[in-house]
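S.K.: I'll drop the sequence and a predicted model, then ask my questions.
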Amino acid sequence: MFIMPDIERTAYTAYIKLITAIAIWGGSFIATKIAVQDVSPVTVVWLRFLIGTIILGYIAWNQNELVLPERKDALELLWLGFLGITLHQWLQSNGLVTSEASTTAWLVSTSPIFMALLGWILLKEKLSWQTISGILLATFGVVLVVTKGDIRSVFYGKFGASGDILILISAPNWALFSVLSRPILKRFSAIKVTFFVLFFGWLLTSVQFLIGHYWIELNQLSTASWASIAFLGVFCSALAYIFYNDGLKVLPASKVGVFLYLEPLFATIIAAAVLSESIMLASLAGGGLILLGVWFVNRNSEENIE
């Protein structure tokens, strides 16, 4: 009988957790799409991160990471909460009202492209020909995905669903959030930063939730919508994060990053199964170009670090 060594068993478990986390995140677009059919995006975001904040708060409390940060750090976390939670989720949830879940996942995967562009604009980092090629490939991929292969529609002023524009804006917004998160992640643990970013983002969303009287929508939620929001709060905002970080503890960051490429693929498959969204050859081809472009950009970044 073959007995797997402890090291291999640990790595195998890490791979399983990573794939599970990415599959869960891929399903987040579908769950949001279902929920926003019943209530406004503000209500969905508020409920999702209420659940996520409670769960992550409990985890942070168990790890003695619930100590309030100093005022300067709190203001930085507040800003990150606005960018990464309040604004980002508002853009995506509003975009998903009209945009397909699979299209959203492909567009969101372009974030590394915008990170490279932000580095060039804000940090004066040089763009190699490899990076430029990756950006051009991903850009063409985006056009293919959004137009479903009908590239001529761009010249007639049509660029997919109205929500696609909001999703595209969310990609550079997430890139900015990621870049600005790096300094504070060097000073505090990931669990502490994540909890306070979620908490402050939820607080800011609460202002909009209360002023807009969105609480009256709660009785409009169907069983399917409540299940979707529970999935978003428990699995997407808490469990997937834990699984992802468990993988980071065991495997090199370069290997972990590759798994993120699977997220739009999972989203496309789940959207087809749950929402009956068609899997179009043009979308898959465009998605492939996006991932290839992202790979070119990330590969160049890794070579620069080395």
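M.R.: Received the coordinates, thanks. Predicted model only: the values in this text are computed from it and were never measured. Numbering: from 1, shown residues only.

S.K.: tell me the SS of residue 37?
M.R.: With DSSP: H, G, I helix; E, B strand; the rest coil as the basis, residue 37 sits in coil.

S.K.: The nearest residue to it once chain neighbours are set aside: neighbouring residues, count only.
M.R.: Distances taken as C-beta to C-beta, 6 or more residues apart in numbering place residue 225 nearest to residue 37, at 7.4 Å, with adjacent residues excluded. Any C-beta I mention is one placed from the backbone N, CA and C, and that applies to glycine too. Look at residue 225: counted by other C-beta atoms under 10 Å, it has 20 neighbours.

S.K.: And for the helix or strand hosting residue 49, what's in contact with it?
M.R.: Secondary structure assignment for residue 49, by DSSP states H and E: helix 41-62. With C-beta atoms under 8 Å, 6 or more residues apart in numbering as the test, helix 41-62 has contacts from 32, 35-36, 66, 85-86, 89-90, 93-94, 96-97, 191-192, 194-195, 198-199, 201-202, 205-206, 208-209, 212, 214-215, 217-218, 229-230, 232-234, 236-238, 241-242.

S.K.: re the thing from before, wait, the residue nearest to residue 37 sits on residue 33?
M.R.: No. Judged on C-beta atoms under 8 Å, residue 225 makes no contact with residue 33 at a distance of 10.6 Å.

S.K.: Residue 221: neighbour count?
M.R.: 18.

S.K.: For it, which residues are in contact?
M.R.: If a contact means C-beta under 8 Å, 6+ apart, then residue 221 has 35, 38, 39, 229 as its contacts.

S.K.: how much space is there between it and residue 230?
M.R.: 11 Å (C-beta to C-beta, to the nearest Å).

S.K.: which of the contacts of residue 221 has the most neighbours?
M.R.: Counting neighbours by other C-beta under 10 Å, residue 35 comes out on top of the contacts of residue 221 with 28 neighbours.

S.K.: Let me know the helix or strand that residue 286 is in.
M.R.: Following DSSP H and E, one finds residue 286 within helix 281-305.

S.K.: Which strands or helices does the helix or strand harbouring residue 165 pack on?
M.R.: Using DSSP H and E, residue 165 falls within helix 162-187. On a contact count with 3 or more C-beta pairs under 8 Å, 6 or more residues apart in numbering; DSSP states H and E, helix 162-187 meets helix 71-81, helix 88-95, helix 101-108, helix 111-122, helix 190-211.

S.K.: possible to save the contacts of residue 221 as JSON lines with distance to residue 48 and pLDDT?
M.R.: Listed next are the contacts of residue 221 as JSON lines, based on distance: C-beta to C-beta, whole Å; pLDDT from 0 to 100:
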{"residue": "35", "distance to residue 48": "8", "pLDDT": "93"}
{"residue": "38", "distance to residue 48": "14", "pLDDT": "93"}
{"residue": "39", "distance to residue 48": "12", "pLDDT": "93"}
{"residue": "229", "distance to residue 48": "6", "pLDDT": "94"}
